[in-house]
Every structure is written in structure tokens, then in C-alpha cells.
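# Okay, predicted coordinates and the sequence, questions at the end:
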Amino acid sequence: MTELLQQLINGLSLGAIYALIALGYTMVYGVLRFINFAHSDVFMVGAYAGYFLGPKLGAGSIGGGVLTLAGAMAVCAVLGVVIEKLAYRPLRGRSNLTVLITAIGVSLLLQNTGQKIKAVGANPRAFQFPGPDGMTRGLFPETQLHFRSLTISSNQVIVLVVAVVLLAALWWIVHRTRIGTAMRAMSFNATASSLVGINNDAVISFTFALGSALAGAGGVLYAMNYPSIDPLMGTLPGLKAFVAAVLGGIGNLPGAALGGLLIGLVETLVSGTRVSTYRDAIAFAILILILMFRPAGLLGKLRVEKV
Amino acid sequence: MNGSRRSFLGRGVALGAVAVLGTYAAWAAPEPIRIGEFSSLTGREAGLGQYTHMGVVMALEEINAAGGVNGRLVEVIAEDTQSKAGESATVVRKLTTRSRVVAIIGEGASGRCLEGAPIAQRAGIPVVSPAATNPKVTELGDCIFRVCFTDPFQGTVMAKFAHETLHAKRVGVLSDVASPYSLGLAEFFRQRCRVDGIEIVGEQRFSGGDKDFRAQLTALKASKPDALFVPSYYGDAGLILLQARQLGITVPILGGDGFEAPELVQVAGAAADGSYFPVHFSLADTSPRSRGFVERFTKRWGKAPTGVSALGYDALNLIVDAIRRGGSAEPKAIRGALALTTSFDGVTGRISIDSERNARKPASIVRVEAGQFRFLQAVAP
């Protein structure tokens, strides 16, 4: 029983990170109808931004940790907007396939640039920061909380708290602000939204900034929990988050969050059993099953194409 | 118009002259002996490849500074396997067909060596692996050699160590399904445990490159082991050590030679303390030959070598030694001379190649204490 509870806690904290990344995929899909495969590498850049900003912003204390997280989110937001301006905007109106291939190109560019430049390098780095006593320490002060035989790392709690706060903030932006309303309008019908005076390009830039900032936060939280970062670190979590977005119903924000949590939980529960080798196979089999019965994903709605 | 044509002509003549001079220079000095290297210079196991490469480059510089071998300089053509499956075969094909190398140093990782080496075997080019410890590597054919000990040896050594030194009765095993290195080590460890009467109370698997091992570790913890055996490379191992300690697993954790890299301690921090693994080359070794190597390496690269650096250094020196002894830089002659190597004085110890083309060498077991690898005991084969 305790083992199961422990696995649930492990799964939730992993799922929360998948959820943050999945939101970026789903938001971009919502406004542009394409999968931004470079998203997983923005996640990687987020981890590196945290790595380089951390010592300057006082990582190791709660305030410094929050500042580092915010800094990494800002860096990623800018990167997201730049990628959109340079790579995707010139292709506006072209077929989705062209944009998709460009996205893969951007992804490879980021990965290989990371491996090539000296400051980043191909070798994995430890996501740890020098403390005043000469010992290395994590982004946030860390303790282990014990409840009977359950062990919860304070980092796992931080991941959950940050994820919930960011999700609430995102919900507020999308549903309670003008730009959020514009995003929803554009996702509903891009032509009509431009007819009523919405600047679609501005909305797209904003969407990229928002999605990339979430990926940046995901990158920092992921690196904090699994403190070995390398330029290829985004690929696998990116793929899982993409699956989570599809599972929840691509284009649907609560769906992405739900999908992320589900994938994290299933993965962890399977990993702890004898069939741990089939972890990814089982997670993907569940995806296929759900899509067979609900082709639009758990919370997605099939939209009838109007003529 | 006219002027520009004249200058064009002039440039052409100059170029021609340079070309002729160049050919002359190439003819006057014999062409260098080309030796290939394939290693993981980027990607997940970049540390493994880069540390090996630094050792190879240092050996190369010393050989050429001493005038090369048989009056010819040596050139190393390094190719990157990106730590990925599928790249090794491509780069070895490139080395054998396009670069036309006479011998190859490569892959420290068993999985990628198993992928690339058969192509060299077919082309009849001898391969010396610095650190591929899986027994199948040298069984690929009569052209494949290694300068390190093998997995049956280190798996047995670690099981014996758990039994005799740690007095473990119950052990858990966590291995990487995607790595022949890890699976092989786990198998030989298990075999020896059966002999010594150690019970394997838990077996869990992961896939190389995973970041979350809490699920497997939670399950292993529930089986109450006295020690854990985690054969894997340092990248995964650092995270495993960290998460194991976070989950309250306090028993000793044993690994393989893949643990040895500064990144292990950088990632795991204090959680690395109390883990044990075998190494090919111990910095605590006091023989003048290894002391000199450590000093020169640290001076050249600004950091201390790891075991694979010393193995890379020995691999190139062994090939050059074979060229010198055989008196020829033809692949066939090099292969013949390599097979006859006896008591080659390497920095990792005396290397004799046996009939299975393996090096017979001792291992040292180190313990991590306060972030340092402390030499514990040497184990002879």
C-alpha cells in the first residue's frame, strides 16, 4: 500500500512537468493548427537558462529559486517569439507539412547548436549551484518529508505547487483578459477574428511567448528533479508531452494538463512492476485505446467543418 | 578587360605552381599512417568519448613528436557516433572506405562497438576497443581486440566484493535494457551471486536515457536489500544514486566501470558517497609510468584523466607498437602483430593479448568518499 502511494506521488510530480510542456503544444496547435516540434528544445533551453542564471540570481534559496525560474521563463518566452518570427511567420499560408518540417529543422538546429557551442557542450552537466560553504546545492533548499514510510522530496512538492500556480495563471489569462479572448477567437476562426479587428500576428506571438515560458518552467523543474542536463534532454519528455496533449484532446488546455498527469502516472506505475521494460509501450497502448473510443482525445470536441 | 584576363592567367600559373610544389612536398615526406577512431564525442555518453579522445590525441602528439613510426608520421581521423544507435556502422564504413585507415580505435561503449566493429572485420581492418567490456565484442572476429578487462571479470569481481567485503546476503539489481553492457554485467553478477549464495531479492529494468528511476527504486527498496547493483554509465548512474538516496535507500550501491567520470559526482553530489565500482586505471596508482601519464595529461588538458583516457592512450600506442614490431602499416600485418602482443607496457598496466584477443589485466575497486574516488583494493584476474 505504501509502495503504491509512493508511486502515485512519484507519478504526479512527473506528470505535472509533462502537463506544463503539453500546454505549449496544445496552445500553438489551437491558434496555428500545427505541431511545434521545436517546443521540446525550448524546454531544453529553459533548463540551460536556469543553469546559467541560477548563480547570478541566488539559486539555493526560495527567493533565488523563484527568480531563476522566472528568468528562465522570460528567456524562453523571447526565444519562442524569435523562433516564430524567423522560422514560421515567413511560411504563413503555406501547407501545414512545410511548417511541420521547418519545426523539425528548428528543433535540430537548437540541439546541434547546443552541442557545438562551448558554453553548453555535448557533455551532460549537473544542474547544481555552488553554495557559500563550497558544497553544491539544488535550485531550492531541499529536505525530505517523511510520513510513516512514505518519502516525499520537497522538490516534488515544489513541482506540483509551481505547476498548479502556472496553470491557474494560464486559465486566468486565457479566460479573463482581452488577449486571452483574442486567442480563443482566433483558435475558433482565424479569418473571422481578423475581420473583427484582431491582430492575428500579435496573438500568435503572444501564444508562442506563453507556451514557451511554460516549457521553460517545465525545463527548470525537470532539471531540478533530474539534475543532469544535456542538449538532447528535451526529446523524450517532449515526445511524452506531445502524446499527453493528443491524449487530452489537442487544442484543449485542461485536456493537456489532464493528459500530462495521466501519462506521468501510468509511466510510473508500470515502471515499478515486473513489466517495467514495456513502460512506454503500455503508455502508448493506452493512448491508442483512448483514441479508438474518443478520437478527439479525452476532453477534445470534434468540430464539424462548416462549408 | 584585357588586364583582368592577364591577372586571371597569372593567378592560374601561380596556382599551378603551388599545386606542383604541394605534390612534390607530399612525395618528399612519406604520407602519414592513417588510423581511425570512432567514439561518442557528442550526446549522452559524450564524456566517455571525449575523455577517450583526449587520451588518443595525447598519445598521437607524443608519437609524432618522437618522429612517428617507421619514419612515417601518424594521423588520427576521429568520427563521432553521437551516442546513438545507427551512427557507428555509418562512421566505420566511412573510415574503412573513404578515409582508408589501416586500423581503428573505437567505441568505448559495448553496444556501439558491436554495431561498428563487424564492418571493420569484413574489411579486414583491425579494431582496438579502449573500453568495450562486453565479451561478445572480441568474439565478432579475428580483427577485434580490446585493451580493457571484460564484463565476466568485472561482474564476478563486484559480486565477490559484495559477498566478501560487504557481507551482503540480499541484493537488488537495476539494469538498462537498452545496453548490452548493462545486461551482460547484470548476468555475470547474478551468476557469481548464485555461487556465493547471495539472494537476488529484486530485479528492475530501465531504458538508457531515462531520468526518473523513482518507480523502480521504490519497488527495490520494498524488497529490503543489503546492497544494490546498478550496472550503467555515469549519466544514468548519477541520477539513480541521487534518487535512491532521496527515497531513503542507504545501502551500498555497486556499479561497473561505466560509473567512472567526474559527472557522476557532479550530478549526484553527496548521494554518490558510499558507492563502489571497478576502474581500469586508478589515479592512486603510484608506478612512475602512470604517474607521468597523469601529470602530462593534466598539463595538456587542464583536468585529470579518467580510466578511458588511459585506455585510449594505450590503444593508440598498442597499434603503433604493432606497426613498429610488424614493420608494416598494412592492416593484415598490424592484425598479426597485435595478436602477438605480450607484456606491452601500458599506462593501465602490462597488456598481453590472449588467444581470444582480450587483454588480461587487474581491476581496482574504488569507493566514493566526499566526492572523491578512493582506491580500495586491487583484484587480479
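All right, it came through fine. Residues are numbered from 1 along each chain as shown, chains lettered A, B, ... in the order given.
# Show me chain B divided up by domain.
B:33-149+B:285-362, B:152-279 (automatic domain parsing).
# Turn these into TSV, columns for mean pLDDT and mean neighbour count.
C-beta: built from backbone N, CA, C; applies to glycine. Below are the domains of chain B laid out as TSV (pLDDT from 0 to 100; neighbours: other CB atoms under 10 Å in any protein chain shown):
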stretch	mean pLDDT	mean neighbour count
domain B:33-149+B:285-362	92	21
domain B:152-279	91	22
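# May I see these organised as a markdown table, with distance to chain A added?
Formatted as a markdown table, the domains of chain B follow (distance: least, CB to the nearest CB, whole Å):
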| stretch | distance to chain A |
| --- | --- |
| domain B:33-149+B:285-362 | 4 |
| domain B:152-279 | 3 |
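# Let me know which of those domains is the nearest to A:Ile152.
Each of those was scored for nearness to A:Ile152 using CB to CB, and the closest is domain B:152-279 (9.5 Å).
# Now render the domains of chain B as TSV, adding distance to A:Gly259.
Supplementary listing: those in TSV, determined by distance: least, CB to CB, whole Å:
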stretch	distance to A:Gly259
domain B:33-149+B:285-362	27
domain B:152-279	18
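# Following the chain past the strand or helix carrying A:Met224, name the next helix or strand.
Secondary structure here is read from DSSP states H and E; on that basis A:Met224 sits in helix A:200-225. Proceeding C-terminally, helix A:200-225 gives way to strand A:228-229 as the next helix or strand, assigned by DSSP H and E.
# any idea how far the helix or strand following that next one is from the chain center?
Tracing the chain past strand A:228-229, the next element assigned as helix or strand by DSSP H and E is helix A:235-248. Helix A:235-248 sits 9 Å away from the centroid of its parent chain (CA atoms, centre = their mean, to the nearest Å).
# what does stretch B:267-283 give?
Computed by CA atoms, centre = their mean, the separation of stretch B:267-283 from the middle of its chain amounts to 17 Å.
# Okay, now the unreliable bits of the stretch 101-250 of chain A?
A:133-135 (pLDDT under 70).
# Get me the contact residues on it for chain B.
By the criterion of CB under 8 Å from any CB of the partner chain, the positions of the stretch 101-250 of chain A lying close to chain B are A:115, A:121-126, A:128, A:135-136, A:144, A:146, A:151, A:153, A:222, A:225-228, A:230, A:232-233, A:236-237.
# if you set the cut-off to 6 Å instead, what comes out?
If contact is defined as CB under 6 Å from any CB of the partner chain, the residues of the stretch 101-250 of chain A in contact with chain B are A:Gln115, A:Ala122, A:Asn123, A:Pro124, A:Ala126, A:Thr136, A:Thr151, A:Ser153, A:Tyr226, A:Pro227, A:Ser228.
# surely the fourth one meets A:Pro227?
In other words, A:Pro124. No: when contacts are counted by CB atoms under 6 Å, A:Pro124 is not listed as touching A:Pro227 (9.8 Å).
# re the thing from before, between the domains of chain B, which gets nearest to A:Leu289?
Ranking the domains of chain B by proximity to A:Leu289 (CB to CB) places domain B:152-279 first, at 21.6 Å.
# what comes up buried for the helix holding A:Met224?
Within helix A:200-225, the residues scored as buried using 16 or more other CB atoms under 10 Å in any protein chain shown are A:200, A:203-225.
# Please apply the same query to stretch A:72-89.
Within stretch A:72-89, the residues scored as buried using 16+ other CB under 10 Å are A:72-81, A:83-84, A:87-88.
# which of those lies closest to chain B?
Of all the buried residues of stretch A:72-89, A:Ala72 has the smallest distance to chain B: 17.8 Å, by CB to the nearest CB.
# who's in contact with B:Pro30?
With contacts taken as CB atoms under 6 Å, 6 or more residues apart in numbering or on different chains, B:Pro30 has the following neighbours: B:Arg72.
# contacting residues around the residue nearest to B:Ile125 when sequence neighbours are not counted?
Leaving aside its chain neighbours, B:Ile125 sits nearest to B:Pro331 (5.0 Å; criterion: CB to CB, 6 or more residues apart in numbering or on different chains). Counting by CB under 6 Å, 6+ apart, B:Pro331 touches B:Val102, B:Gly124, B:Ile125.
# let's see it at 8 Å
Going by CB atoms under 8 Å, 6 or more residues apart in numbering or on different chains, B:Pro331 touches B:Val102, B:Ala103, B:Gly124, B:Ile125, B:Pro126.
# Doesn't B:Ile77 belong to a strand?
Yes: following the definition DSSP: H, G, I helix; E, B strand; the rest coil, B:Ile77 is counted among the residues of a strand.
# Might you report the residue contacts of it?
Going by CB under 8 Å, 6+ apart, B:Ile77 touches B:Arg34, B:Ile35, B:Gly36, B:Glu37, B:Leu95, B:Ser99, B:Val101.
# Including secondary structure, could those go into JSON lines?
Written out in JSON lines, the entries for those read as follows (three-state DSSP):
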{"residue": "B:Arg34", "secondary structure": "strand"}
{"residue": "B:Ile35", "secondary structure": "strand"}
{"residue": "B:Gly36", "secondary structure": "strand"}
{"residue": "B:Glu37", "secondary structure": "strand"}
{"residue": "B:Leu95", "secondary structure": "helix"}
{"residue": "B:Ser99", "secondary structure": "coil"}
{"residue": "B:Val101", "secondary structure": "coil"}
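# mind putting those residues in JSON lines, distance to B:Phe281 included?
Compiled in JSON lines, those are given as follows (distance: CB to CB, whole Å):
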{"residue": "B:Arg34", "distance to B:Phe281": "27"}
{"residue": "B:Ile35", "distance to B:Phe281": "22"}
{"residue": "B:Gly36", "distance to B:Phe281": "23"}
{"residue": "B:Glu37", "distance to B:Phe281": "19"}
{"residue": "B:Leu95", "distance to B:Phe281": "26"}
{"residue": "B:Ser99", "distance to B:Phe281": "29"}
{"residue": "B:Val101", "distance to B:Phe281": "26"}
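# Distance from stretch A:245-262 to the middle of the chain?
In terms of CA atoms, centre = their mean, the gap separating the centre of stretch A:245-262 from the centre of its chain is 12 Å.
# buried ones in it?
Using 16+ other CB under 10 Å as the test for burial, stretch A:245-262 gives A:245-262.
# For the chain, just list every one of the strands.
All of this is about chain A. With DSSP state E, the ranges of strands along chain A come out as A:125-126, A:129-130, A:136-137, A:144-147, A:150-153, A:228-229.
# I was thinking of chain B, sorry if that wasn't clear
Listed in chain order, the strands of chain B (DSSP E) span B:33-39, B:74-80, B:103-106, B:127-129, B:144-146, B:170-176, B:199-206, B:227-229, B:253-254, B:275-279, B:344-346, B:349-351, B:363-369, B:372-379.
# which strands and helices sit next to the shortest one?
It refers to strand B:253-254. Identification of packing neighbours for strand B:253-254 by 3 or more CB pairs under 8 Å, 6 or more residues apart in numbering or on different chains; DSSP states H and E yields helix B:151-164, strand B:227-229, helix B:234-246, strand B:275-279.
# out of the ones you listed, nearest to A:Val66?
For A:Val66, the closest of the helices and strands packed on strand B:253-254 is helix B:234-246, at 21.8 Å, according to CB to CB.
# by contact count, what packs against that closest one?
Here helix B:234-246 is seen to pack against strand A:228-229, helix B:46-65, helix B:214-222, strand B:253-254, helix B:262-268 when contacts are counted using 3+ CB pairs under 8 Å, 6+ apart.
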